[in-house]
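give me coordinates for this.
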Amino acid sequence: MKPNILFICCDQQRFDCLGFNEKYPVKTPNLDRIAREGIRFNNSYTPLPTCCPARQSLLCGQRAERFGALWNYDMGIPVGSIQKDAFSWARELQNAGYRTGYVGKWHASPTLTPLDFGYEDYVPEGVFYRTMEEKYPGLHHTEGYMGEKSPYPLEVAPTHQNADHVISLIEKYGDAPWHIKMDFAEPHLPCRPSEPFASMYGDVPKWGAFDDPLTDKPYIQRQMRYNWETEELSFERCREMVKLYYGFISQVDDAIGRVIRVLEEKGILDDTLIIYTADHGDMCGDRKMMDKHYIMYEEVTKVPLVLRFPAQIAAGAVCEDMVTNMLDLVPTILEFAGLPRPEGLDGISLMPYLHGEEHPSPRRYALTTYNGQQFGLYTHRMIRDKKWKYVWNLTDVDELYDMENDPYELTNLAVRPEYKEKLRQMRLDMLEELTAVDDYTIRSYWLKEQLLYNRKP
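As a prediction, the model looks like this:
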């Protein structure tokens with residue numbers, strides 16, 4: 001019998017804000033269990049830390065730049081988008097006999113829906129908000145991006161409505177093999193957890209990079225603070241926002257737990273491949289910044305990735321190799337389901353890792369790209385291995401970080417003469433990585449010359 005596939009995706013979930021990563025004191029018992037009973041990837045990176053491009057990459061397994069999805073399509077700046085005839089792994093699953101359902105956040109096309117890409121059922125997040133308004137017409141939110149305690153009870157919170165609809169689809173699909181995408185809009189700001197999660201956290205530790213002075217860093221990073229009016233943000237004020245962020249994450253975890261319990265009750269938990277990841281991370285006041293954009297720090301580029309399927313994945317497995325979640329999951333799912341891999345995918349299959357084997361062709365670097373957003377068009381590229389991170393800022397100073405000795409990325413080594421040779425090599429490696437994916441930046445002679453500048457020691 002074909003295994004079921006439950007794909008859980010969150011929006012703006014930091015890698016370091018999950019219990020099993022043991023960095024910050026966030027309680028996520030259900031996700032901790034998935035990680036404990038499956039495999040977790042400690043170096044998983046988003047291909048592009050913005051919602052729409054990352055989600056479109058996941059749909060078709062290609063980098064968003066290949067089809068012009070350079071930034072979010074709802075920011076008022078014209079941009080390309082994925083087309084209906086694009087390859088879709090969900091459609092391949094459907095053609096192979098899977099029942100397919102999508103619940104929650106979409107944000108992958110301004111005109112198309114999951115129904116256009118191989119899903120037979122689609123419950124958009126708008127349904128959740130309409131239900132809240134219908135059941136509690138007198139309630140409403142009053143605060144802005146800093147977040148607030150939700151006045152709505154947990155039973156109608158979008159997270160738990162999401163779980164209810166996923167459970168309904170599991171019931172509907174019965175014994176047929178199924179794939180369900182459980183997509184959360186949370187913990188994207190503004191964070192509005194319901195009780196008991198809104199009051200779950202008291203004192204929380206300061207972010208490790210909160211006091212970053214941004215010395216020798218691109219000017220646009222200071223502009224980020226200006227745009228969000230957080231130049232003078234104190235951690236006392238930030239702490240209240242962090243508590244809500246933690247609470248939102250724990251609320252999502254609780255909703256996931258509801259689905260896991262149903263799978264257990266039906267005796268199909270171990271017959272279901274569970275995938276958990278996120279489109280990108282969130283600053284949440286770290287470095288006195290909000291949201292994401294114009295930066296390549298770990299807070300926004302590094303994302304969780306956990307898979308559980310006991311028949312093939314050893315419990316407690318950990319992978320330290322570099323992976324690109326939204327791209328690498330596509331060939332992985334196809335191989336897992338016994339389906340052929342089409343030409344043109346940008347990902348590598350993670351199946352060797354799931355089987356506890358060395359990968360025959362592991363990624364040398366994780367490559368993350370960015371092209372602009374609501375505050376203007378700004379292009380940069382990042383490559384990251386286990387020790388080094390290099391960020392090519394096309395219109396400002398580059399960034400180079402020693403991630404082993406400076407995990408919070410406080411000291412930009414690119415400006416230091418003693419790292420000139422390392423910078424030169426990282427630029428050449430960047431050129432090689434971008435050439436491999438035919439990135440538009442290096443099609444320009446003028447831009448390519450930036451990476452070749454000082455190419456000799």
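
let me know how buried Pro205 is, in neighbour terms.
Using other C-beta atoms under 10 Å, Pro205 has 12 other residues around it. C-betas here are computed from N, CA, C, even on glycine.

tell me how far it lies from Tyr246.
11 Å (C-beta to C-beta, to the nearest Å).

shared neighbours, the two?
24-25 (C-beta atoms under 8 Å, 6 or more residues apart in numbering).

quickly find the element holding the residue nearest to His179 when sequence neighbours are not counted.
Residue nearest to His179 in three dimensions, not counting chain neighbours: Ile5, with 4.2 Å by C-beta to C-beta, 6 or more residues apart in numbering. Ile5 is part of strand 4-10, with elements assigned from DSSP states H and E.

what does that strand contact?
58, 93, 98, 105, 166, 177-184, 186-187, 252, 256, 259, 263, 268, 271-279, 333, 336-337.

repeat that with 6 Å
The set of residues external to strand 4-10 that reach it, using C-beta atoms under 6 Å, 6 or more residues apart in numbering, is 177-184, 272-278.

how many neighbours does the residue nearest to His179 have?
23.

ok so, going back, of the contacts of strand 4-10, closest to Met351?
Checking the contacts of strand 4-10 against Met351 by C-beta to C-beta gives Leu273 as the nearest, at 11.5 Å.

now the helix or strand harbouring that closest one, how far from the centre of its chain.
Assigned by DSSP H and E, Leu273 belongs to strand 272-278. Taking the mean of its C-alpha atoms, strand 272-278 sits 13 Å from the chain's own mean (C-alpha atoms, centre = their mean, to the nearest Å).

and for stretch 422-431?
26 Å.

can you dump the C-alpha coordinates of it into CSV?
Output of stretch 422-431 as CSV, limited to C-alpha atoms (Å, rounded to 0.1, in the frame of the first residue of the first chain):
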residue,chain,number,x,y,z
LYS,A,422,39.2,33.9,1.6
LEU,A,423,36.8,36.5,0.2
ARG,A,424,38.3,36.1,-3.2
GLN,A,425,37.7,32.3,-3.0
MET,A,426,34.2,32.7,-1.8
ARG,A,427,33.4,35.0,-4.6
LEU,A,428,34.6,32.4,-7.1
ASP,A,429,32.6,29.8,-5.4
MET,A,430,29.5,32.0,-5.5
LEU,A,431,30.1,32.4,-9.3
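
list the buried residues of it.
422-424, 426-427, 429-431 (16 or more other C-beta atoms under 10 Å).

point out the other helices and strands that the helix or strand following the strand holding Ile5 packs with.
Of the helices and strands lying after strand 4-10 in sequence (DSSP H and E), the nearest is helix 29-36. With contacts taken as 3 or more C-beta pairs under 6 Å, 6 or more residues apart in numbering; DSSP states H and E, helix 29-36 sits against helix 235-265, strand 305-308.
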